[in-house]
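K.L.:
predicted model, plus sequence, below.
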Amino acid sequence: MLIYLLGDVLRLFAGSLTPGYIGDEPAKSWMWTVAAILMLVPIAMILTTLLTPAGPLTWITIAVSVGLVLFNLSAMPFKDFFDNMLIVISLGLNGFIVWYVWRMTH
């Protein structure tokens, strides 16, 4: 999520972001709700890690990481290089998480 926030800040300073818009369309209330839920994923995963037994936690972690990869891929490509670079880094980190969790449990 810090990568998403970094991208948002850079987009603001680069002039690539129009306040009140997501992409080229005016953002609706539900879009901001989805964005807020997405930003809560890391907090939910910290709590899940602390409260869930190892077996189910493996599959939850893999599912969330794969979900984030698919979400990120659906938004590509961005017009600015730095956005694409940050998303590729995010994809790599999620791939590493899936590999690491799988390796630790199998």
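P.N.:
Received the coordinates, thanks. Worth saying up front: this structure is predicted, and the values here are computed from it rather than measured.

K.L.:
middle-most residue in the protein, spatially?
P.N.:
Nearest to the mean C-alpha position of the chain, by C-alpha atoms, centre = their mean, lies residue 68 at 5.0 Å.

K.L.:
double-check that residue against residue 94; I have them as touching.
P.N.:
Yes: with contact defined as C-beta atoms under 8 Å, residue 68 counts as touching residue 94 (5.3 Å). Using the backbone N, CA and C atoms, a C-beta is placed for each residue, glycine as well.

K.L.:
what residues sit buried inside the longest helix anywhere in the chain?
P.N.:
If you go by DSSP state H, the chain has its longest helix at helix 81-105. For helix 81-105, the buried set under the neighbour-count rule, 16 or more other C-beta atoms under 10 Å, comprises 83, 86, 87, 90, 91, 94, 97, 98, 101.

K.L.:
what of stretch 36-52?
P.N.:
For stretch 36-52, by 16+ other C-beta under 10 Å, it's residue 45.

K.L.:
for that stretch, the distance to its chain's centre please.
P.N.:
Mean-position distance between stretch 36-52 and its chain equals 12 Å (C-alpha atoms, centre = their mean, to the nearest Å).

K.L.:
average model confidence for it?
P.N.:
Averaged across stretch 36-52, pLDDT comes to 93.

K.L.:
again, but for stretch 69-89
P.N.:
The average pLDDT within stretch 69-89 is 91.

K.L.:
check stretch 8-27 too.
P.N.:
87.

K.L.:
show me where the protein has its helices.
P.N.:
Ranges of helices in the chain, per DSSP H, are 2-14, 29-51, 54-75, 81-105.

K.L.:
elements contacting the second one?
P.N.:
In terms of contacts (3 or more C-beta pairs under 8 Å, 6 or more residues apart in numbering; DSSP states H and E), helix 29-51 is packed against helix 2-14, helix 54-75.

K.L.:
using PDB, list the CA coordinates for it.
P.N.:
Taking Å, rounded to 0.1, in the frame of the first residue of the first chain, the C-alpha atoms of helix 29-51 are listed here in PDB:
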ATOM      1  CA  SER A  29     -18.700   7.700  -4.200                       C
ATOM      2  CA  TRP A  30     -18.500   3.900  -4.500                       C
ATOM      3  CA  MET A  31     -15.100   4.200  -6.200                       C
ATOM      4  CA  TRP A  32     -13.700   6.100  -3.100                       C
ATOM      5  CA  THR A  33     -15.200   3.300  -0.900                       C
ATOM      6  CA  VAL A  34     -13.400   0.600  -3.000                       C
ATOM      7  CA  ALA A  35     -10.100   2.600  -2.800                       C
ATOM      8  CA  ALA A  36     -10.500   2.900   1.000                       C
ATOM      9  CA  ILE A  37     -11.100  -0.800   1.400                       C
ATOM     10  CA  LEU A  38      -8.100  -1.600  -0.800                       C
ATOM     11  CA  MET A  39      -5.900   0.600   1.400                       C
ATOM     12  CA  LEU A  40      -7.200  -1.400   4.500                       C
ATOM     13  CA  VAL A  41      -5.900  -4.700   3.100                       C
ATOM     14  CA  PRO A  42      -2.500  -4.400   4.800                       C
ATOM     15  CA  ILE A  43      -4.100  -3.800   8.200                       C
ATOM     16  CA  ALA A  44      -6.500  -6.700   7.600                       C
ATOM     17  CA  MET A  45      -3.600  -8.900   6.700                       C
ATOM     18  CA  ILE A  46      -1.700  -8.000   9.800                       C
ATOM     19  CA  LEU A  47      -4.700  -8.900  12.000                       C
ATOM     20  CA  THR A  48      -5.300 -12.100   9.900                       C
ATOM     21  CA  THR A  49      -1.600 -13.100  10.400                       C
ATOM     22  CA  LEU A  50      -1.900 -12.700  14.200                       C
ATOM     23  CA  LEU A  51      -5.300 -14.400  14.500                       C
END
